[in-house]
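Student: Coordinates for the following, if possible.
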Amino acid sequence: MSSTVRWFWFSSPHTFFPLAGTVARVCFVLAALLAAAGLYVGLVVAPTDAQQGEVYRIIFIHVPAAWMSMFIYLVMAGWAALGLAFNTRLSFMMAQALAPTGALFTFIALWTGSLWGRPTWGTYWVWDARLTSELILLFLYLGYMALHAAIDDLRRADRAAALLAIVGAVNVPIIYYSVQWWNTLHQGASVSLTRAPSMAATMLTGMLLMALAAWAYSIGAALVRVRCIIRERE
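Tutor: You can find the predicted model right below:
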């Protein structure tokens, strides 16, 4: 009973504000340490790929960014759904706070993917199912932020943007399964929950460290941004 009351206590923007600051600082420190370790393993320790050579090392940035671009959108849509269901201000604020970080990771995924594609495919861009659906994800993030900014009434802005976020969530499984549903140039997943990874252990270690760094950074950035939103609104 006491733990339930505690969770409801932190659902208030005023009580959540100091907690968010503390957690954000811890997350940024963890993100810096994990990123340093991940880049060292990925760029120095991991061996050269037999087929792609040194260019494959871009996956240590590209893959975690692509993972986070999809995951953050689902979390954003989840907060938006909670806001619509329970009319909680903090839920809408969290959804709003996550959007810029999600857009950043989506852009990084597209940018690093194009840099990898030039030596691998011979071109920076193709209208591949995976690339196109990832580009649509970037437009969804930008559309969410633009729609929210275009409406002066905050309650209406929260609800309209939340609906867009929820509807747009259908694009995430399309991105994930695009390489299975369509004949695409993009390679399949190197890491899966249902089978052994198709890469060396040091490569996998570097990628997972970078993914954890991206996760920690995302939490920290969202919490700093939600504190700014609380200041503006409250």
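Student: what helix or strand is residue 38 on?
Tutor: Element membership for residue 38 (DSSP states H and E) is helix 13-40.
Student: Which residues does stretch 227-234 contact?
Tutor: The contact list for stretch 227-234, computed with CB atoms under 8 Å, 6 or more residues apart in numbering, reads 13-14, 16-17, 20-21, 24, 89, 93, 96-97, 154. For the C-beta atoms, the positions are set from N, CA and C on the backbone; glycine is no exception.
Student: Tell me how far the helix or strand that the helix holding residue 38 is followed by lies from the chain's centre.
Tutor: Remark: after helix 13-40, the chain's next helix or strand is helix 59-86, criterion DSSP H and E. Offset of helix 59-86 from its chain centre (CA atoms, centre = their mean, to the nearest Å): 5 Å.
Student: again, but for stretch 218-234
Tutor: That offset, for stretch 218-234, works out to 17 Å (CA atoms, centre = their mean).
Student: If you count neighbours, what's buried in that stretch?
Tutor: Residues of stretch 218-234 classed as buried: 218-227, 229-230 (neighbour count, 16 or more other CB atoms under 10 Å).
Student: Check the gap between the residue nearest to residue 168 when sequence neighbours are not counted and residue 13 for me.
Tutor: Leaving aside its chain neighbours, residue 168 sits nearest to residue 140 (4.1 Å; criterion: CB to CB, 6 or more residues apart in numbering). Distance, residue 140 to residue 13, using CB to CB, to the nearest Å: 26 Å.
Student: These two: which is more packed in?
Tutor: residue 140 (24 against 19; other CB atoms under 10 Å).
Student: Contacts only, for that one.
Tutor: 73, 164-165, 168, 171.
Student: And these, which is closest to residue 127?
Tutor: residue 171 (15.8 Å; CB to CB).
Student: surely the closest one meets residue 134?
Tutor: No - using CB atoms under 8 Å, residue 171 is not in contact with residue 134, being 9.0 Å away.
Student: follow-up on the earlier one: most neighbours, which of the contacts of residue 140?
Tutor: residue 165 (30 neighbours).
Student: hmm, back to that, now, the contacts of residue 140 that are in helices?
Tutor: 73, 164-165, 168, 171 (DSSP state H).
Student: Noted, bye for now.
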